[in-house]
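>>> I would like the atomic coordinates for the input below:
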Amino acid sequence: MKITIRTRTLKTGSRSIYLDFYEKGERWSEYLNLFLVPDDEPDARRLNDASMAKANEIKSKRLLGIDEDETETDDGKPIQLPKRIFADWLNDYIEGIRRNPSYSQSTYRNHRSTVNIIKEYLQYHRRPRYLMSKIDKKFVTGLLDFMKNTYRNTKSPDNPKEMSQYTLYLHQATLVRMLNAAVKEGVMDSNPFYALGKHERIAKAQSEREYLTKEELLALAEAPTTNETTRRAFMFCCFTGLRYSDVCTLTWRDIKQVDSGLVVSIRAMRKTGKQITIPLNQSALKWLPDRNGCKPGQRVFDMTCLSACDRCLKKSAAAAGIEKNVSYHTSRHTFATLSLAAGGDLYTVGKLLGHGDIHTTQIYADVVMETKIEAVSRISEYFSMQDM
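Prediction:
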């Protein structure tokens, strides 16, 4: 990267000093709030030499990728906090996520996606080497506005799309976590996100619980599929409530015989860390593959990645005439809804799902109630057409 000190003449006759950045065809400027006074001003040479010395000092820091802002402590004394280039800090942060074994690959991918959007925002405003010391409320609101109104998902270059409300909210949550981490590391004084009013933040999307009815589930079971293992695992989850992250690591050791029959016993769910035990009914057992001498530690289902599973399920759903947006997580919603519709109580179904709060399970109960209300309404409409 090339950095040049330049000046711009003002109406007063003084010249404002700024840094001209150039890297890989991109050019941007940073004004330093330093000035050169006209030569006929008193003591002009001393003042101008001091301003240029300061400009060169700042230039050297920018070349090193650091800045130093003076802030005050409680006793009024200035302290020096190292400030880094935001994009460089993001690279180190995401690498730490990748190397940390406590984070899953999906968590790493989600963080990486947010980092890429932030970098696009910096490029969009021609500030790829924006300093962390300058991140404030205005920067955050600008970034959120960029995500909502300018950024487009380019996974399909021929059909770039806006992000959904749910995805926007997830990226905002990841951004907040990253800024909190920067504060904890001591490279930021505070997280400016918390200065945003409620109306300035991205609102949480209304929860949608897409599920399959009994008829749709039967149709999907008979529909053609591009991956039989994906179909079997999905149907198994429809009758157990397991998440993708749990079923893809499920081993034969986790399927145990107890007095009441076979159960799935997971010591710690991948998402929550909670232990769960789920009885296996005949519908669930039907979709288990043949063990064929597999050892206890071998996996029950040889799963592909989640995105491949979702593509497979969408094709099968279309072949079955199902117009709903079916994804792998639909199986969990299906299990919850059908269990409650069959007469299961909230507490028991919540425990089977591994919910820590019954209010989470209540969402499914509300869906079931809506279905019951529709059924009762149809009865009323039927009798209104009859001679009473």
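>>> C-alpha only now, for contacts and for neighbours.
Noted.
>>> any weak-confidence spans in the stretch 1-150 of the chain?
65-83 (pLDDT under 70).
>>> ok, which stretches of it are helices?
For the stretch 1-150 of the chain, the helices defined by DSSP state H, counting those that start in this stretch cover 44-64, 86-99, 105-124, 137-149.
>>> how about the ones you listed in CSV, adding mean neighbour count?
Converted to CSV, the helices of the stretch 1-150 of the chain look like this (neighbours: other Cα atoms under 10 Å):
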stretch, mean neighbour count
helix 44-64, 15
helix 86-99, 16
helix 105-124, 17
helix 137-149, 17
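>>> isn't residue 326 right up against residue 315?
No: taking contacts as Cα atoms under 8 Å, residue 326 lies outside contact range of residue 315: 9.4 Å.
>>> circling back: take the helices of the stretch 1-150 of the chain and write them to JSON lines, including distance to residue 295.
As requested, the helices of the stretch 1-150 of the chain are arranged in JSON lines below (distance: least, Cα to Cα, whole Å):
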{"stretch": "helix 44-64", "distance to residue 295": "56"}
{"stretch": "helix 86-99", "distance to residue 295": "30"}
{"stretch": "helix 105-124", "distance to residue 295": "26"}
{"stretch": "helix 137-149", "distance to residue 295": "48"}
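>>> closest one to residue 17 among the ones you listed?
helix 44-64 (7.5 Å; Cα to Cα).
>>> who are the packing partners of that closest one?
Counting contacts by 3 or more Cα pairs under 8 Å, 6 or more residues apart in numbering; DSSP states H and E, helix 44-64 packs against strand 2-9, strand 26-36.
>>> and stretch 187-206, average pLDDT?
The predicted model assigns stretch 187-206 a mean pLDDT of 85.
>>> re earlier: got JSON lines for the helices and strands packed on helix 44-64, with distance to residue 139 too?
JSON lines is the format used below for the helices and strands packed on helix 44-64 (distance: least, Cα to Cα, whole Å):
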{"stretch": "strand 2-9", "distance to residue 139": "24"}
{"stretch": "strand 26-36", "distance to residue 139": "16"}
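>>> between residue 326 and residue 315, which is the more surrounded one?
Legend: neighbour count by other Cα atoms under 10 Å for residue 326 and residue 315, higher for residue 326 (21 against 17).
>>> do you know the pLDDT at the most centrally placed residue in the chain?
Note on the chain: the residue nearest the mean C-alpha position is residue 170, at 3.9 Å, using Cα atoms, centre = their mean. pLDDT, residue 170: 91.
>>> assign it to helix, strand or coil.
Secondary structure for residue 170, judged by DSSP: H, G, I helix; E, B strand; the rest coil, is helix.
>>> again with residue 321
Per three-state DSSP, residue 321 ends up coil.
>>> and if you look at residue 344?
Strictly by three-state DSSP, residue 344 counts as coil.
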